[in-house]
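K.L.:
Whatever this is, show me its structure:
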Amino acid sequence: MDSPKLIVILGQTAAGKTKMAIGLAKKFNGEIISADSRQVYKEMEIGVSKPTKKERENIPHHLIGIVKPDQEFNVALYKEIAIKKIKEVNKRQKLPFLVGGTGLYISSIINNLYFPKVTPDKKLRKKLESKTKKELLSIYKKTDPEGYNFIEKGNKRRLIRAIEVCKKTKNSFWKQREKGKEMFDILKIGIKKNNLKKIIEKRTEKMIKQGLEKEAKELIGKYGNIQSLNTIGYKEWKEYLKGEITKIKVKELINLHTLQFAKRQMTWFKKEKDICWIKEKREAIKLISEFIKN
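P.N.:
Now for the predicted structure:
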């Protein structure tokens with residue numbers, strides 16, 4: 001029996017994945033399953049570049065705005081829900097599109113990753129939470145040098161979990177994430193942009209005009225210093241709201257952090273095999289048409 005088909009649209013932040021995927025889903029009778037670790041949160045709209053409500057009405061989207069910003073959410077939960085949604089789309093005789101830039105979320109599906117089941121150690125977590133990101137990175141680098149090259153360095157929660165798993169199992173967190181048998185027949189399409197720096201700057205400007213400052217202020221005021229808000233587009237406003245930096249500086253920091261993140265994303269994607277890198281929609285249409293025929 002043939003495996004169900006799955007189209008993966010991946011790439012760096014601001015590369016145009018959402019627009020491309022919506023167009024392709026319309027053409028090929030598809031539905032979109034988000035692979036973005038920040039779009040899962042409710043109330044976070046502008047700062048995470050969610051597709052608009054109108055776009056979501058025209059093409060069904062899944063795993064967008066499913067948990068509150070202060071709720072616990074991780075890759076194991078993501079994998080469980082995403083697989084269920086992909087299978088539901090297949091049952092409806094429609095083509096599922098897995099779309100996003102969170103490498104670990106994408107890898108959890110396409111490589112059927114197994115995640116070590118380690119019970120949280122409250123005492124250890126409390127000790128680690130008192131440390132700065134810089135200190136946590138230093139600890140993790142010594143504990144798991146291979147994993148250090150790929151982990152999301154701005155994500156304090158993920159760093160704490162990785163250190164916890166290493167210490168509890170006496171083994172590399174990265175190496176414990178075993179690959180299982182592939183569940184789907186997959187076509188991986190990567191979107192590549194040469195002028196990404198200018199695109200990022202333009203997007204930041206647009207987000208600010210749309211009301212990013214107001215959104216960030218409201219969320220920080222409501223939830224405080226929670227992990228989900230320690231992300232690009234929100235964390236840069238914290239110093240501004242305290243009167244420590246200017247709005248111009250906030251914009252500069254968002255651009256800088258976004259570009260740094262985009263470089264880390266590409267480092268991750270480079271280790272993934274069989275990605276068909278494209279620049280234009282027509283290339284994707286050709287690839288998908290051939291993939292469906294075969």
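
K.L.:
can we go C-alpha only for contacts and neighbour counts from here?
P.N.:
OK.

K.L.:
need the contact list for Ile59.
P.N.:
Ile59 makes contact with 22, 25-26, 30-32, according to CA atoms under 8 Å, 6 or more residues apart in numbering.

K.L.:
quick one: which two of those residues are the most distant?
P.N.:
Lys26 and Ile32 (10.2 Å; CA to CA).

K.L.:
neighbour count winner among these two?
P.N.:
Ile32 (29 against 12; other CA atoms under 10 Å).

K.L.:
partners of the more buried one in the sheet?
P.N.:
The residues listed as beta-bridge partners of Ile32 by DSSP bridges are His61, Phe97.

K.L.:
Tell me how far it lies from Leu137.
P.N.:
As for Ile32, its distance to Leu137 is 34 Å (criterion: CA to CA, to the nearest Å).

K.L.:
just to revisit the earlier point, can I get the contacts of Ile59 in JSON lines including distance to Asp121?
P.N.:
Formatted as JSON lines, the contacts of Ile59 follow (distance: CA to CA, whole Å):
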{"residue": "Ile22", "distance to Asp121": "42"}
{"residue": "Ala25", "distance to Asp121": "43"}
{"residue": "Lys26", "distance to Asp121": "46"}
{"residue": "Gly30", "distance to Asp121": "42"}
{"residue": "Glu31", "distance to Asp121": "39"}
{"residue": "Ile32", "distance to Asp121": "36"}
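
K.L.:
I'd like those residues as CSV, with pLDDT and distance to Lys238 appended.
P.N.:
Converted to CSV, those look like this (pLDDT from 0 to 100; distance: CA to CA, whole Å):
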residue, pLDDT, distance to Lys238
Ile22, 97, 33
Ala25, 98, 38
Lys26, 97, 39
Gly30, 98, 39
Glu31, 98, 36
Ile32, 98, 33
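
K.L.:
which residues in the stretch 1-150 of the chain form helices?
P.N.:
In the stretch 1-150 of the chain, the helices defined using DSSP state H, counting those that start in this stretch lie at 17-27, 53-58, 75-91, 103-110, 122-129, 133-143, 145-148.
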